[in-house]
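Engineer: Just need the structure, nothing else, for what follows:
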Amino acid sequence: MGGILGLDNDLRRNVFDWDDLQIFHAVATTGSMSAAATVLGCQQSTVSKRMRQLESRLSAQLIERRADGVVLTRAGSAALDYAVTMQRSAQRLETELAGMDRSLAGQVSLRVPDGLATYWLARHIPEFQRVNPEIVLKIINDRSAAASDTAAALSLTFTPDKAMDTEARALGSVHYMPMASRDFIATYGAPRSLEDVLTLRFLRLEQYDPSLHLWQRKATATDEVVRYSFTADISSVLFETIRHGGGIAMAPTYLASLYPDELVVLDYDFHQDVRFWLKNSPGSLGITRIKCVADWIAELFNRRLHPWFREEFCHPSEFSDVEVIKPQT
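Structural biologist: Below is the predicted model of the structure:
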């Protein structure tokens, strides 16, 4: 065993060098070594050497060398037919693939946390489909077996680490405040202070992604003083439990803009935030359909249009009519 990639010598001799075929095509179509060298931008000696290598590899004489140029042998004529066919196939492949890259058609996979997928992306997908009917969106939950960055063309993530094979751009922050439903407050009353909030039925999102150490650090202080009556590791389950009167929990402030008639914000000067990024593999934005989806995602988190995603905290009262309960003095 030896040679390139462990190939034995006999097999290695049969490995075809496409550069040699290109050189042969130039010699055959121009009629001379010197003209082929000019077309290819190399030395005539290089052309001559590569032709000899090709003939040796094929065990056939392809050209007769004469003073006024070259003439194809019978084997050379047959080889030229193959070379022309292969060149046309390569050009057609390049054209078709380039057309695919420029086309607003095909599948684009997007890895995204379930909360953002359920409460923010999902409501905007129908409009995207209307404008881009040929693009097939594939949403991958970041907890699924196919959730690696390499499995998705694009990835919305709370983890700032950028691998060597990915590019990342910051989109904004998700801000969290204590929230409850109107029904819960009507049943148990409005807490008079932060201490009252912490003694009521509190819900918690368990940390299922250990890489989210930023959130974990910020949540530790809360965990030390809160007695939880319910935990979940699926954010959409937690948020639905809040909406239906299950208790109080730290919830993203953008929910206040979506459900102002159902939720109540408990403003006790306590909030947390986590930044998020859009990742893609280098060069993938050169594919039109992927760039289209990436631009759409960026616009969905436009911080001018959607102030709740700004990096600096924006109070829900600035963008929503949601009821805000503050400490009673």
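Engineer: most residues in a single strand of the chain, which one?
Structural biologist: strand 167-181 (DSSP state E).
Engineer: That strand - contacts with which helices or strands?
Structural biologist: Counting contacts by 3 or more CB pairs under 8 Å, 6 or more residues apart in numbering; DSSP states H and E, strand 167-181 is packed against helix 235-243, strand 249-252, helix 254-258, strand 263-266, strand 272-280, helix 288-300. Using the backbone N, CA and C atoms, a C-beta is placed for each residue, glycine as well.
Engineer: now for the ones you listed, which one comes closest to residue 48?
Structural biologist: Nearest to residue 48, of all the helices and strands packed on strand 167-181, is helix 288-300, at 44.1 Å by CB to CB.
Engineer: Point out the other helices and strands that the next helix or strand after the closest one packs with.
Structural biologist: Using DSSP states H and E, the helix or strand that directly follows helix 288-300 along the chain is strand 323-325. With contacts defined as 3+ CB pairs under 8 Å, 6+ apart, strand 323-325 has these neighbours: strand 263-266.
Engineer: which residues touch the strand it packs on?
Structural biologist: Contacts to strand 263-266, defined as CB atoms under 8 Å, 6 or more residues apart in numbering, come from residues 177-182, 184-185, 191, 197, 242-243, 248, 251, 253, 255-256, 316-317, 322-325.
Engineer: Check these for burial and list the buried ones.
Structural biologist: With burial judged by 16 or more other CB atoms under 10 Å, the buried subset of the contacts of strand 263-266 is 177-182, 184-185, 191, 197, 242-243, 248, 251, 253, 255-256, 316, 322-323, 325.
Engineer: circling back to that earlier point, quick one: strands adjacent to the longest strand of the chain?
Structural biologist: Sheet pairing for strand 167-181, assigned by DSSP bridges, gives strand 249-252 (antiparallel), strand 263-266 (antiparallel), strand 272-280 (antiparallel).
Engineer: right, and those - which one's nearest residue 68?
Structural biologist: Here strand 272-280 is closest among the strands paired with strand 167-181 (CB to CB), at 56.3 Å.
Engineer: Tell me which residues of that closest one come out buried.
Structural biologist: Across strand 272-280, burial judged by 16+ other CB under 10 Å covers 272, 273, 274, 276, 277, 278, 279, 280.
Engineer: hang on, the earlier thing: among the strands paired with strand 167-181, which is nearest residue 50?
Structural biologist: Taking these one by one with CB to CB, strand 272-280 is closest: 39.9 Å.
Engineer: Could you report the distance from residue 203 to residue 249?
Structural biologist: Applying CB to CB, to the nearest Å, the value for residue 203 to residue 249 is 4 Å.
Engineer: In JSON lines, list the strands paired with strand 167-181 along with mean pLDDT and distance to residue 153.
Structural biologist: Below are the strands paired with strand 167-181 laid out as JSON lines (pLDDT from 0 to 100; distance: least, CB to CB, whole Å):
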{"stretch": "strand 249-252", "mean pLDDT": "92", "distance to residue 153": "25"}
{"stretch": "strand 263-266", "mean pLDDT": "95", "distance to residue 153": "34"}
{"stretch": "strand 272-280", "mean pLDDT": "92", "distance to residue 153": "7"}
